[in-house]
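Visitor: What shape does this take:
(2 chains)
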Amino acid sequence: MNAYQRLMNTLMGQPVDRVPVLAVLGAYGGKLTQTDLKTLYRDPAAWVAGQQAVQEAFGFDLVMTEFNYSAIAEAFGGEVAWFSDQAPNIKRPATSSAEAALQMALPDPQQSGRLPAILESTRRLAERYKEQVPVIGVVPGPAILPALLIGMEQWMETLLFAQDSAGKLLEHTGSFFVTWANALLQAGADCLVVTEGMAAAEIAPRELFAERFLPHLATTFSQVLGPKVLHQTGGSINHILDLLPGLDGLVAVAIGSKDDLAQARALIGPGLTLIGNLDNLCFPTASPDELYAMALACLQTAAPNGHYILSNAGADISLATAPENLKALLAASNEYALTAGCSR
Amino acid sequence: MGYQDWTNRLLDTMIASDRSAAAEIISQALASGIAPMLVISEILDPALVLLGRRWEQETLSLAQGFVAAKIAEDAMLHCIPGQTELYPNKGAVVIGNIEDDFHSLGRRAVSLFLSAAGWEVHDLGNDVPAEQFIDKALEVNASVIGASAMMQTTALNIRRLRELIDSRGLQNRLKLAVGGAVFNWRPELVAEVGGDGTARNAVGADELFMRLQSDATTGATP
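Guide: Model (predicted):
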């Protein structure tokens, strides 16, 4: 069974040889290939080489596009901060006014910023790995997108105190979400991970999500023609899990490290896959044995019911993480398959 | 209606993120004859303390905290339009996101709460080099610097600020408050980056800065 079959079987609730293991290792690919991060994130050949290096070193069940908001903020017209030891970040949004943002043209996936490079990376990953290793396209969620255009503080201000403008901005950026998501699928992504910061309990309460964001997710998801995973980007998500079944094309939810896995299963029901939920902060600091034990604990809790993928719970894993710590994840999955069996 | 009832009503509006209802409660309290300073000390302050406890229990979101900060600011402006004359000025403080950190929302909330509590806040913004924090603190005679970081990688840049404070012999003159999401997730980082103290949320910033200012005055080390 290859990684593609393993992941797809898991999503469909079919038997697998072991639980799939995912890890967000974008910048880490640059560490392995000794490529500076600005080149890694801008050059499709460098990105694909990084993903190949990650795949060869650890054998996880995915290759992926960048898990990073800065590419979209840059495509909107914002400025990016580059670092030598971590993934890039948003330095300055394109504008700080919702009204100005509504007048701005939306990015063109074929021309704006590094979006064409991401599409090219996706095409090359698909050529190399199609139906062997799942190609995961990462796309910012439709409710967090306005923050990438006007900044988080201004988006909060608009959202909470200027609801008409907020609605218009969601609609405006929502069309880009659909365009960008479908472009990644057309370039060869097998599945999309939708990184929705507004789904995190630390950012927005349940009522706000239910009333303002969930209808928007429903509208936009129905226009994206492929399987989707909802990711909380590093927060907790159990507070809204019960609201998610029924979203068009949703196949899995990545839960946070503080979310209880057993509770998550009860909340989301039996049909959707859960992904998680190892704490990103542990990766550079814990020992391989400790990570192995944490991974095994996750497997013992969540794997018996099927529809489960072992993964870190946040964005890019720190470059300071020792390779042995990452190898502990796959070792735990193999051990679990041997001792507990793994028929689902 | 006693102060406790007013406080509970105000707290409810904060949790519900209802800014206009909060403003109405403040207006009603003033109209009922409660002195503006008592509205602040006996109604607003206790509501903020209770809100802080909710935050400690992780039952509040950033959005709710954002609105609560606005409510506190509204209430202060409503009760004391000429704030500087009537409200005790607690002194100057300097805050900012440390070099390479661009997550401003938490820092902005801290700025709002500190201003509402009577501090003269000098907010240096995002991506602030260590030297700039110290130069500004000395310029405005602040005894507390607040450095914010959201991620572990950027939090470690605060060590440079600690080293500069110490190497210039300012450790008793300037105290270092650190904050941001990563410090809540990994409290041991406070000591790792050389912080003199932290607060789990913006509501707790006033109490922390008061304590650190006192430590600076007495030359105490945490």
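Visitor: Quick check, residue A:107 in contact with residue A:78.
Guide: No: in this structure residue A:107 lies outside contact range of residue A:78 using CB atoms under 8 Å: 10.7 Å. Every C-beta, even on glycine, is put in place using the N, C-alpha and C of the backbone.
Visitor: those strands in the stretch 151-300 of chain A, which residues are they?
Guide: Counting by DSSP state E, counting those that start in this stretch, the segments of the stretch 151-300 of chain A that form strands are A:191-195, A:228-231, A:250-254, A:273-278.
Visitor: can those strands go into a markdown table with extra columns for distance to residue B:191?
Guide: Output for those, formatted as a markdown table (distance: least, CB to CB, whole Å):
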| stretch | distance to residue B:191 |
| --- | --- |
| strand A:191-195 | 32 |
| strand A:228-231 | 32 |
| strand A:250-254 | 32 |
| strand A:273-278 | 25 |
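Visitor: Below-threshold pLDDT in the chain: ranges please.
Guide: I'll assume chain A. Residue ranges of chain A with pLDDT under 70: A:341-344.
Visitor: The chain in question should be chain B.
Guide: Across chain B, residues meeting the criterion (pLDDT under 70) sit at B:56, B:58, B:80-88, B:219-222.
Visitor: Report the distance from the biggest helix by length in it to the chain centre.
Guide: For chain B, the helix with the greatest residue count under DSSP state H is helix B:62-79. Mean-position distance between helix B:62-79 and its chain equals 12 Å (CA atoms, centre = their mean, to the nearest Å).
Visitor: That one near chain A at all?
Guide: Yes: legend: contact between helix B:62-79 and chain A by CB under 8 Å from any CB of the partner chain is shown at B:62-64, B:66-67, B:70.
Visitor: how does chain B divide up, domain by domain?
Guide: Chain B resolves into domains spanning B:3-85, B:88-218 when parsed by automatic domain parsing.
Visitor: among the ones you listed, which is the most enclosed?
Guide: Stretch with highest mean neighbour count among the domains of chain B: domain B:88-218 (a mean of 20; mean count of other CB atoms under 10 Å in any protein chain shown).
Visitor: how about the strands of the stretch 151-300 of chain A, which one is nearest chain B?
Guide: If you check each of the strands of the stretch 151-300 of chain A against chain B by CB to the nearest CB, strand A:273-278 wins as the nearest, at 13.6 Å.
Visitor: Please identify the residues of chain B in proximity to chain A?
Guide: Residues of chain B found near chain A, taking CB under 8 Å from any CB as the criterion, are B:17, B:19, B:58, B:60-64, B:66-67, B:70, B:100, B:102-105, B:108, B:126-127, B:151-153, B:181-182, B:185-186.
Visitor: was I right about residue A:273 contacting residue A:255?
Guide: No: using CB under 8 Å as the test, residue A:273 is too far from residue A:255 to be in contact (10.8 Å).
Visitor: Among these two, which residue is more densely surrounded?
Guide: The neighbour comparison of residue A:273 against residue A:255 (other CB atoms under 10 Å in any protein chain shown) goes to residue A:255, with 29 against 22.
Visitor: quick one, phi psi at the more buried one?
Guide: Main-chain torsions, residue A:255, degrees, to the nearest 10: phi -90, psi 170.
Visitor: That one against residue A:278, yeah?
Guide: No: under the criterion of CB under 8 Å, residue A:255 lies out of contact with residue A:278, with a separation of 10.8 Å.
Visitor: Now do the shared contacts for the two.
Guide: Both residue A:255 and residue A:278 are contacted by residue A:313, under the criterion CB atoms under 8 Å, 6 or more residues apart in numbering or on different chains.
Visitor: ok, back up a step: packing partners for the longest helix of chain B?
Guide: Identification of packing neighbours for helix B:62-79 by 3 or more CB pairs under 8 Å, 6 or more residues apart in numbering or on different chains; DSSP states H and E yields helix A:152-161, helix B:3-15, helix B:19-31, helix B:45-56, helix B:105-116.
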